[in-house]
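Q: Structure of the sequence below:
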Amino acid sequence: MGLTHIRTPKNFVLEERLERYGAVIEQQPERYRGRWAEACWPLDDAHGTPAAGTGPERPGAFASVHLDLGCGKGSYLIARAQQEPSTLFIGMDTEPICIAYSAQYVTEAQLANAVILPRGAASAPAIFAEGELTGISLNFPTPYPKSRHAERRLSHIDHLLRYRALLAPGGTVTLRTDSAPLFEYSIPQFEAAGYQLQWTSRDVRSEHPGIPETEYERRTVGRGATIFGICATPGSMPSEERIQAARAAEQSLVAYLPEDLGSLSYVPIGMEGAVTNLRNRERKGRRRIP
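A: Residues are numbered from 1 along each chain as shown. Below you'll find the model as predicted:
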């Protein structure tokens, strides 16, 4: 969800918020593995009577399940849930403040098709069964520019390989980022993981205006950011040689910066220090080191 600092009001008490909006926070999500669509279907009365189904194929269940991985404060999750009431939207994040805010906003929006999980990407296989998800959104994930942190990127090949098993046939993974280096790095990672690119964009807001904005996105666009995006679906499983080649590829995002740093009109959040150091080195006539 990016690296911007989350500001909280003076009267914000994390524990109190988590308790107040705990009804939409699932603390033991592993127990619902393989049955999210049925288990979260809303009840229509105080006695627990199931509401009417979505159709003859799946009575008493959501038609599909979508994961917003790194949901932040939930603005994207809520907008999608409002647009698609027959889909269950699950927001996952590891930041407690994000969990508190997203749960609050889901509750205030009175959404019956959204739930928040305090978990990270590595736990996804223990939470979702094979083929359970119709889509995974990666909205402005932390880029982790240093090569030694590359495996933490949600678009690293090892994460992309994990997502494959969780997706239903035709399911998609959609990445959006304000980081051009992360975008350039991620395309070959998707390809090496055996995904078929449905679309790539260097200006998502213009080319895909129907995608809801996140709070982070609004802030960065206001600072001059362009939004990059990738949407892909799993194809044939790649060979082990291709997987290893992607792991061995250049992992420092510094290597994906343009040669002419003066052409940068926007420096992605999280790379300000690296860009400053490179510009200082160039002024002193030193060679760039990724």
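
Q: distance of T226 from I269?
A: Shown here: T226 relative to I269, a distance of 13 Å by C-beta to C-beta, to the nearest Å. Backbone N, C-alpha and C define where each C-beta goes, glycine included.

Q: Give me the common contacts of the two.
A: A shared contact of T226 and I269, defined by C-beta atoms under 8 Å, 6 or more residues apart in numbering, is any residue touching both; here these are D178.

Q: residues in contact with stretch 248-263?
A: Against stretch 248-263 from outside (C-beta under 8 Å, 6+ apart): 143-147, 150, 179-182, 184-185, 188, 192, 264, 271, 274-275, 278-279, 282, 288, 290.

Q: which of those are buried?
A: Buried subset of the contacts of stretch 248-263 (neighbour count, 16 or more other C-beta atoms under 10 Å): 143-145, 150, 179-182, 185, 192, 271, 274-275, 278.

Q: Which of these fall in helices?
A: When DSSP state H defines the helices, the subset of these inside them is A180, P181, L182, Y185, A192, A274, V275, L278.

Q: Just the local confidence number for the second one, please.
A: Right, the one you point to is P181. Among the per-residue scores, P181 holds a pLDDT of 95.

Q: Contacts only, for it.
A: Under the criterion of C-beta under 8 Å, 6+ apart, the contact partners of P181 comprise P143, P145, L253, V254, A255, Y256, L257, P268, M271.

Q: swap the cut-off to 7 Å and go again
A: With C-beta atoms under 7 Å, 6 or more residues apart in numbering as the criterion, the residues that contact P181 are L253, Y256, L257, P268, M271.

Q: just the third one next, same as before
A: In this structure, L182 makes contact with P143, S155, L253, judged by C-beta under 7 Å, 6+ apart.

Q: Can I get the contacts of P181 in TSV including pLDDT?
A: TSV is the format used below for the contacts of P181 (pLDDT from 0 to 100):
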residue	pLDDT
L253	94
Y256	93
L257	90
P268	84
M271	83
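
Q: Quick check: T87 vs E130, distance?
A: When C-beta to C-beta is applied, the distance between T87 and E130 equals 19 Å.

Q: For the stretch 1-150 of the chain, which segments count as strands?
A: Secondary structure of the stretch 1-150 of the chain by DSSP state E, counting those that start in this stretch: the strands cover 64-69, 87-92, 114-117, 133-139.

Q: So which of the contacts of P181 sit within strands?
A: Of the positions in the contacts of P181, not one sits in strands, assigned by DSSP state E.

Q: circling back to that earlier point, any chance of the strands of the stretch 1-150 of the chain in TSV, with distance to D203, mean neighbour count and mean pLDDT too?
A: Formatted as TSV, the entries for those read as follows, by distance: least, C-beta to C-beta, whole Å; neighbours: other C-beta atoms under 10 Å; pLDDT from 0 to 100:
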stretch	distance to D203	mean neighbour count	mean pLDDT
strand 64-69	22	24	98
strand 87-92	26	26	98
strand 114-117	29	26	97
strand 133-139	16	24	98
